[in-house]
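**Q** Here is a sequence together with a model predicted from it:
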Amino acid sequence: METAELKENLKKQIIQFLNLSVTPAEIKDDEPLFGEGLGLDSIDSIELIVLLGREYGITIQDPKEGRKILVDINTMVAYIEQHRTK
Amino acid sequence: MSRIFVTGMGVISALGNSVSENREALKAGKCGITPMELIDSRFAGKLPCGEIKLSTPELARSLNAAQPGLTRTALLALHAFNQAVASAGLSPETLSYPSTVFINGTTVGGMCLTDELYHDAEAKENGSEYLAAYDYASIALYLQQKFSLSGLVNTVNTACSSSANAIMLGARLLQSGRAKRAIVGGVDCLAKFTINGFNALHILSSDICQPFDEARKGLNLGEGAAFLVLEKEEDSIDKEKLAELTGFFNTNDAYHPSSLSENGEGPFLAMQEALASANLRPADIDFINAHGTATENNDAVESKAMLRLFDSPPKFASTKSNIGHTLGAAGAIEAVFSILNLQHQELYPSLNCENGIESTGLMPVVEYTQQPLRHIMSNSFGFGGNCSSLIFSKV
Amino acid sequence: MLFIHQYACISAQDSFPEVNLDAVIAPVDGKLFAREPAYDGIPKGTLRRMSKPVRMAIGAASVLLKTSGRLDGIIGATANAGMDDCFRFLQQIIQYEEGLLTPGNFVQSTPNAMPAQVSMMTQNHGYNMTHVHLGLAFENALIDASMLVDEHPGSKYLLGTVDDISAYNYNINRLGGWYKALNSHGDFYNAGTTGSIPGEGAAMFIVSSEKSGSIAGITAAETLHTEDAALVVDRLQTFLSLHLPNEVPDLLLSGENGDQQLLPFYEGCEQLLPPGTGVLRYKHLTGEFPTANALGLWFGCYILQHQRFPAHMVKVEPGVEKLRHILIYNNFKGLQHSFILLSGS
């Protein structure tokens, strides 16, 4: 899958998973997911780890590890491309 | 305002089926947390839980409770209720007076029947025998009917502070003149629902929990029930009094649905205002039965709140290291444990804490000790920021 | 005494934000779903985490919070808010075989979410309680509030209730025989059949110990568990002689819900009251649910404030012009009963 397509899919999945009221185009690739940017919190970070597991077969045991991956769309996509099992 | 006394209590937990069994186990530093056996779950045989090793049919038999549709929660509640009422010497007639009120705190209610509930809610077949049992109120309604209670009956659910709030509410009903005696406490049992919920939040430890240890990895769930009988001074002149309920306060942390604020405003206010309601100074507190769930968040925040309130925090311990986190029942079970501390002038060891939290420098009590104790604080904090503290005093 | 200063409700009728009770909005598929507003007042980031009942409760509360000033606490009541999330989480447990689950539904399934959410939104560190005692959750919350204002003169609280129709509670109550068949016809109250129509809604009140500026006051509230209609009447008689000794209620606001089995309770109470006492009903507007009686209190406030009521609510026309005292009697599933005495300020 092309990186651009993966980004688009991931944004759609995040919106659906977290029930966000934004469009994929409104999520910038380098916008922080937590804090200032999308304003996600600790429960969202766990939800996103589940998303990575269900959609891409990626297992992250430690939520703290997850925080390094769940920085923005770019970091998530880079990690997915390297570690996806489906 | 009238003084409120505890004139009876009953408890069942992973440490034992009676007040005296629980005390002996606490004294011995026994841990009731073992691999869960009784729930059909992929965690069975592995996950450490404060499980009561009596199957639901065994419990029902021991209680002579044969009617269909009874849940494990209802049976645990009945067990503790019977004991509390017997220890306070309340007759069946007294129970049925409009001046006898009953308040139960629970978070799981009848949802312990995860699979049955799922099938009934899907309505794929005819209803099961449990249709009326899933509700939070089902336990209080069962006891209301069994004992013909005709006074006020209530169920509260403020997550893990539920039964602390039930105790508080009972005391206020007495003080307002709406009741002469209040049976108050709570119950929860292990359920697939809560096990998976806490697991999904990554705050369930796969090892035995270590409250207030730097290396703590999360909580263990437990199950149990406890009820207290509360009466006013003027209504309990000739009765044996186990302890006095001298202070209580309920507040909200107003921060996050499932974690406490860094500064511990809710826990701080609950403790501070409970002291004020008891007309006590921080230095008067001899011991704190901490909420101490062994999650990273709770223990750090609770410690910080103690350091804010007390010049030098009193001795403290978490009995969740003995029985796990019994959720809605925790406040009531820990009230019983606090009253045991006062009655016997003894402190029980908090288990599995080797190295205190570095940033706080605080260590719980790790050995059985006998010492004079006058006032004990018991903390209960829950999801949704619900924070409550109770103060029990020696009679 | 507990005084009501502001009130709002989201119901199956046109009750929010403006009230128009003249046209009755009928059930759809045998259910009286609430007419939810657009919730402009709730931040989007907060709204996405809210289940329907929490959203309805916060929506109804937010209009009151704009003008209520600082509150000393929040007292909530619900029987089944959070059950929908609870059921979704159960579905996850089964579908993913206790594997990788998202915690959102679990966190939102706690019924204390509504009072907790209001605390968070308004940074309120005051009293915070959630009563969940099924058909008496609301009345227990009301008694809690009454005690609080007595304990703390001058204090002010948000008292609120919510329940929703979820797949969970609809199916379980339907299997339990508490709803009329979907194809049942006829008048809501006179169909001669058992069961009622499911409903949902949120009712919010700003209450305090201060009479000045209030709309109505609650002189007394009492609850009772019994299946014996004679005992209910007996307790009502005692209740009235204690709390309204030298007068009679002008109006009975009855929780009659179209269920033939429960009629003897309501008729027993009606017969206790002297001729000339009006009888009004509201469940054809709200449907039946455990905290429906909070909407009963909302109707009571509306009637006392405006001194009028739509004709479709009347069972017995009141004999007096000026309505001062309203007795609200409700029972849930023939077991949980309450009497509330409401008087105009």
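**A** On my side now, so go ahead. Given the structure is predicted, the values throughout are model-derived calculations rather than measurements.
**Q** For the residue found closest to residue B:289 once you drop the neighbours it is linked to in the chain, grab the count of nearby residues.
**A** For residue B:289, ignoring the flanking residues on the chain, the nearest one in space by Cβ to Cβ, 6 or more residues apart in numbering or on different chains is residue B:378 at 4.3 Å. Every residue, glycine included, has its C-beta placed from N, CA and C. Counted with other Cβ atoms under 10 Å in any protein chain shown, the neighbours of residue B:378 add up to 30.
**Q** Figure out how far the helix or strand hosting residue B:378 is from the centre of its chain.
**A** Following DSSP states H and E, one finds residue B:378 within strand B:375-381. The chain centre lies 11 Å from the centre of strand B:375-381; the measure is Cα atoms, centre = their mean, to the nearest Å.
**Q** again with stretch C:124-134
**A** 15 Å.
**Q** Then stretch C:169-179?
**A** 19 Å.
**Q** ok so, going back, run me through the strand neighbours of the strand holding residue B:378, direction for each.
**A** strand B:287-289 (parallel), strand B:386-393 (antiparallel) (DSSP bridges).
**Q** could you dump those strands to JSON lines with mean neighbour count and mean pLDDT?
**A** Below are the strands paired with strand B:375-381 laid out as JSON lines (neighbours: other Cβ atoms under 10 Å in any protein chain shown; pLDDT from 0 to 100):
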{"stretch": "strand B:287-289", "mean neighbour count": "25", "mean pLDDT": "98"}
{"stretch": "strand B:386-393", "mean neighbour count": "29", "mean pLDDT": "98"}
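**Q** among the ones you listed, which is nearest residue B:180?
**A** With respect to residue B:180, and counting by Cβ to Cβ, the nearest of the strands paired with strand B:375-381 is strand B:386-393 at 20.6 Å.
**Q** and the strands paired with strand B:375-381 as a markdown table, adding distance to residue A:72?
**A** Shown next, in a markdown table, are those (distance: least, Cβ to Cβ, whole Å):
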| stretch | distance to residue A:72 |
| --- | --- |
| strand B:287-289 | 43 |
| strand B:386-393 | 35 |
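**Q** The residue nearest to residue B:289 contacts residue B:333, correct?
**A** No - assessed by Cβ atoms under 8 Å, residue B:378 is found out of contact with residue B:333, at 9.9 Å.
**Q** circling back: show me the contacts for the residue nearest to residue B:289.
**A** Going by Cβ atoms under 8 Å, 6 or more residues apart in numbering or on different chains, residue B:378 touches B:164, B:288-289, B:331, B:334-335, B:338, B:389-392.
**Q** hmm, 6 Å instead?
**A** B:289, B:334-335, B:338, B:390 (Cβ atoms under 6 Å, 6 or more residues apart in numbering or on different chains).
**Q** Bridging across strands, which residues link to it?
**A** With DSSP bridges as the criterion, residue B:378 is bridged to residue B:289, residue B:390.
**Q** per-residue confidence at it?
**A** Looking at residue B:378, its pLDDT is 98.
**Q** any idea how far it is from chain A?
**A** 28 Å (Cβ to the nearest Cβ, to the nearest Å).
**Q** now residue B:86
**A** Residue B:86 is 44 Å from chain A, by Cβ to the nearest Cβ.
**Q** got it, and residue C:247?
**A** For residue C:247, the distance to chain A - Cβ to the nearest Cβ - is 53 Å.
**Q** now swap in residue B:174 and tell me
**A** 39 Å.
**Q** Where does chain A get nearest to chain B, residue-wise?
**A** Using Cβ to the nearest Cβ, the closest approach of chain A to chain B is made by residue A:63 at 5.1 Å.
**Q** pLDDT value on the nearest residue to that residue once chain neighbours are set aside, please?
**A** For residue A:63, ignoring the flanking residues on the chain, the nearest one in space by Cβ to Cβ, 6+ apart is residue B:202 at 5.1 Å. We have a pLDDT of 91 for residue B:202.
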